[in-house]
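Asks: The following comprises the amino acid sequence and a computationally predicted model.
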2 protein chains.
Amino acid sequence: MADKISPLAPARFPDLPAIAGLEAAIGRAGFYKHERPDLLLMRMPAGTKAAGVFTTNAVGSAPTDWCKQALAAARGNARGLLVNAGCANSFTGPAGDAACKRALTEAGAAVGVEPREMLAASTGVIGVVLDDTKIPPALLQMKLAPVNWPDAAAAIMTTDTFAKGSGASCTIDGVTVNIAGIAKGSGMIAPNMATMLAFVFTDAALSAPILKTLLRHETETSFNSITVDGDRSTNDCVLLFATGQTNVPPIPDAQDERLANFRAALSQVLRDLAIQIVRDGEGATKLVTVNVEGAANDLSAKIIARTICESPLVKTAIAGEDANWGRIVMAIGRADQPMKREMISVRFGDLYAARDGMVSAEYDEAAMSAYMKNAELEITVNVGPGAGRATMHTCDLTKRYVEINGDYRS
Amino acid sequence: MADKISPLAPARFPDLPAIAGLEAAIGRAGFYKHERPDLLLMRMPAGTKAAGVFTTNAVGSAPTDWCKQALAAARGNARGLLVNAGCANSFTGPAGDAACKRALTEAGAAVGVEPREMLAASTGVIGVVLDDTKIPPALLQMKLAPVNWPDAAAAIMTTDTFAKGSGASCTIDGVTVNIAGIAKGSGMIAPNMATMLAFVFTDAALSAPILKTLLRHETETSFNSITVDGDRSTNDCVLLFATGQTNVPPIPDAQDERLANFRAALSQVLRDLAIQIVRDGEGATKLVTVNVEGAANDLSAKIIARTICESPLVKTAIAGEDANWGRIVMAIGRADQPMKREMISVRFGDLYAARDGMVSAEYDEAAMSAYMKNAELEITVNVGPGAGRATMHTCDLTKRYVEINGDYRS
């Protein structure tokens, strides 16, 4: 699966702030034929609160089922996280559930955490039961230490071509707190490598309900606003942990104004991680931001944006650096949303291709072609007189995508 | 755009029955840079009834708008049809509407048909107004004659690699009648080449309401059951004409039992044409039939089938001859339809990959790999205890698709 680093990768892994009380260990269980780190074990201090958002794929997986049930049963208390790459443990029935539980019991015992406060995440091939017998020997070689973020991010990669991290510091009522997160995913694609994971940590003392509300809200404009190919995996999961090592004044609920900075910082971290996933979209050579304006409402705008972002014809045109705006108009039209045909406009950067339901009078093929050569593109469409708007991020569809996904299991 | 003939193409263009009273002329208006027939004009005898089904793409096009309005205004009476390739005349505002009307007026005048009984169909680039000044000079060179079906089918091609036709004869209440149809399309893809058209003719005397009911019903399991890439064009249109030259006893409605043979024959012709379009899917090397069983109802089954058929990961795996059933499970799960996870099975031909929510005990990688080498594949999934079922047809997603669609306008 070795692939060149994505041309859209950031220059370097960012410096992430330390999260007080957080420890990690990296191991090699051997879920891949070749030697590589494929196991990440993290321990959080007592009192850590957690929240998660999980794939809505109806097939799901043993680890996402476990996390949902464990977070509910432990009322958002969590002390440990075990992540493996190479096996998704999805569509594996009761055998998969049992393997997940045994793996967490072993890993929890190694670091003194009860299984019920352990969370799990697995990515890799669907339909194969996790071989948990590989975990105890790996645990013997692993040692908890303050988190080395680049190594932790690398241990959870599958088809990813670069490790993904993002962090921020901010204040809550005058107290400085930190946020650090890692993610994996080459887009939502590769459900075979099923698929997108993110783990975000803060040292702020925040309750589980607050974490849950903030995470759900901020996921909408970050991880739920990216698409590589529309194939939503069985194992997608974003977990947010608050170790509580930095005391902040008690915050009663997520709407509290004292959380404004934190919410903004969290939003920035989640968006940064999400966009890094698009930058690592399989075979991607272009990062594309699609803005929809003038829709009936925000949800309608998002459906239109997603239809544009997932249209194979739009994506292949972008791969070919072709400002093929007719295909964008087609995608708008097939989104089955309210729109005013005679008000449709399509803009690449600042260049209007279409305006008022027709080709734009100022359309300039040479300027447009020059714009399409950029590695990062912004497409803005107006679809009517409404106030609904949305932004989504995607990448192009290249021959390399077909190659990667046609040859994957062989 | 010259491309090799699809490896999935039928061996030859079929022999189609003559449809009494039908005439056609083929011309060269010059909508392409290279010399090729790009204009088809057909004349039907007085008394011909017609019905159409049109794209639900909200952007639509001048010709589809025209046809809908003309068929309603003339109560299903139609005497002429003008089809051009090379320009879709979609998203062209009032200028496009006016050009369409002028083209039909010129063409109608040349063959003695009022514009209000003329129908139009255009395919090609979106956003360019039809240059109708090219039509009168072409008309001067055109001469009506009994229909030469292969030539007529070739004149409406765009990215198609072979001409598509299908015909049948059957009886209505003991009277033999004929059906002949042509289609164009490389799947629903290529909205730029916007896109799928089919014209079907019978000599039977049938009313416009009967034609409409039959066409709508039979389209559901033919043209509405194929997908190449899910990009639904602005210009899709299927027109059914009955010249009425063969008298049949008056049939009061579409439910009449005397239409059973005709309905079966029409269904066969429409399905044949639809599958030929998938066989000509851009870059296609595999024809894939997906059957869904056990769904809550037929509509739900169709949504699941379509999700499988449009999943880039399923399609690229098939291109790679990889029986990657985990991706099919993922696609089932992301269809957001009722299902019982523990009842999911996936079968390639007669080979079970998954059964009862897990990998099948009889899974045999060697047999599976051998099956995947076939040019025509059948995938059958069960998703639960329901009675809902559906069948859809698609093709694989290859590098050639990306190449064709990345380079199109240049």
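Replies: Cool, got the structure.
Asks: SS state for residue A:166?
Replies: Of the three states, residue A:166 takes strand according to DSSP: H, G, I helix; E, B strand; the rest coil.
Asks: Distance of it relative to residue B:173?
Replies: 74 Å (CB to CB, to the nearest Å). (Glycine included, C-beta is placed from N, CA and C.)
Asks: Who has more neighbours out of the two?
Replies: Summary of the neighbour comparison: residue A:166 and residue B:173, criterion other CB atoms under 10 Å in any protein chain shown, with residue A:166 having more neighbours (26 against 15).
Asks: Now for that one: which residues touch it?
Replies: Residue A:166 makes contact with A:14, A:16, A:180-181, A:183, A:268-270, A:272-273, A:276 under the criterion CB atoms under 8 Å, 6 or more residues apart in numbering or on different chains.
Asks: If we use 6 Å, what do you get?
Replies: By CB atoms under 6 Å, 6 or more residues apart in numbering or on different chains, the residues touching residue A:166 are A:181, A:269, A:272-273.
Asks: and if you look at residue A:323?
Replies: With contacts defined as CB under 6 Å, 6+ apart, residue A:323 is in contact with A:348, A:368, A:372.
Asks: Can you list which of those residues are found in helices?
Replies: With DSSP state H as the criterion, helices contain A:368, A:372 from among the contacts of residue A:323.
Asks: Reformat the contacts of residue A:323 into CSV and put pLDDT and neighbour count next to each item.
Replies: Converted to CSV, the contacts of residue A:323 look like this (pLDDT from 0 to 100; neighbours: other CB atoms under 10 Å in any protein chain shown):
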residue, pLDDT, neighbour count
A:348, 97, 20
A:368, 95, 19
A:372, 96, 19
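Asks: Looking at the contacts of residue A:323, spot the one nearest residue B:29.
Replies: Residue B:29 lies nearest to residue A:368 out of the contacts of residue A:323, by CB to CB, at 27.5 Å.
Asks: ok, that closest one to residue A:331 distance?
Replies: Here the criterion is CB to CB. By it, residue A:368 lies 18 Å from residue A:331.
Asks: Please apply the same query to residue A:175.
Replies: Relative to residue A:331, and taking CB to CB, residue A:175 is found at 47 Å.
Asks: more neighbours, these two?
Replies: Set side by side, residue A:175 and residue A:331 show more neighbours around residue A:331, with 28 against 14, by other CB under 10 Å.
Asks: For the helix or strand containing residue A:202, name the packing helices and strands.
Replies: The secondary structure element spanning residue A:202 is strand A:197-204 (assigned by DSSP states H and E). Packed against strand A:197-204, as judged by 3 or more CB pairs under 6 Å, 6 or more residues apart in numbering or on different chains; DSSP states H and E, are the following elements: strand A:175-184, strand A:237-246.
Asks: mind putting those strands in a markdown table, distance to chain B included?
Replies: Output for the helices and strands packed on strand A:197-204, formatted as a markdown table (distance: least, CB to the nearest CB, whole Å):
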| stretch | distance to chain B |
| --- | --- |
| strand A:175-184 | 17 |
| strand A:237-246 | 14 |
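Asks: Just the helices from chain A, written as ranges.
Replies: Under the criterion DSSP H, chain A carries helices at the ranges A:62-73, A:93-111, A:135-140, A:149-155, A:208-220, A:260-279, A:298-310, A:312-319, A:325-333, A:365-372, A:399-406.
Asks: which of these sits most buried?
Replies: Comparing these by mean neighbour count (mean count of other CB atoms under 10 Å in any protein chain shown), helix A:325-333 comes out on top with a mean of 29.
Asks: so how far is it from its chain's centroid?
Replies: Shown here is helix A:325-333, whose average C-alpha point lies 27 Å from the average C-alpha point of the whole chain (CA atoms, centre = their mean, to the nearest Å).
Asks: does that helix come close to chain B?
Replies: Yes - on the criterion CB under 6 Å from any CB of the partner chain, helix A:325-333 is in touch with chain B at A:326-327, A:329-330, A:333.
Asks: ok, back up a step: how about the helices of chain A, which one is nearest residue A:353?
Replies: For the helices of chain A, distance to residue A:353 was read as CB to CB. The smallest value, 3.7 Å, belongs to helix A:325-333.
Asks: shouldn't residue A:277 be in contact with residue A:185?
Replies: Yes - using CB atoms under 6 Å, residue A:277 is in contact with residue A:185, at 4.2 Å.
Asks: So which residues on the stretch 201-350 of chain A come close to chain B?
Replies: Taking CB under 6 Å from any CB as the criterion, the contact residues of the stretch 201-350 of chain A with chain B come out as A:229, A:231-232, A:234, A:311-313, A:316, A:319-320, A:322, A:324, A:326-327, A:329-330, A:333-334, A:339, A:341.
Asks: one more time with 8 Å, if that's ok
Replies: Among all residues of the stretch 201-350 of chain A, those adjacent to chain B (criterion: CB under 8 Å from any CB of the partner chain) are A:229-234, A:311-313, A:316-317, A:319-320, A:322, A:324-327, A:329-337, A:339, A:341-342, A:344.
Asks: Direction-wise, compare the strand holding residue A:202 with helix A:208-220 and give the angle.
Replies: Regarding strand A:197-204 and helix A:208-220, their directions subtend 130 degrees when assessed with axes from the mean of the first three to the mean of the last three CA atoms, to 10 degrees.
Asks: Count the residues that sit near residue A:36.
Replies: Here the number of neighbours of residue A:36 (other CB under 10 Å) works out to 15.
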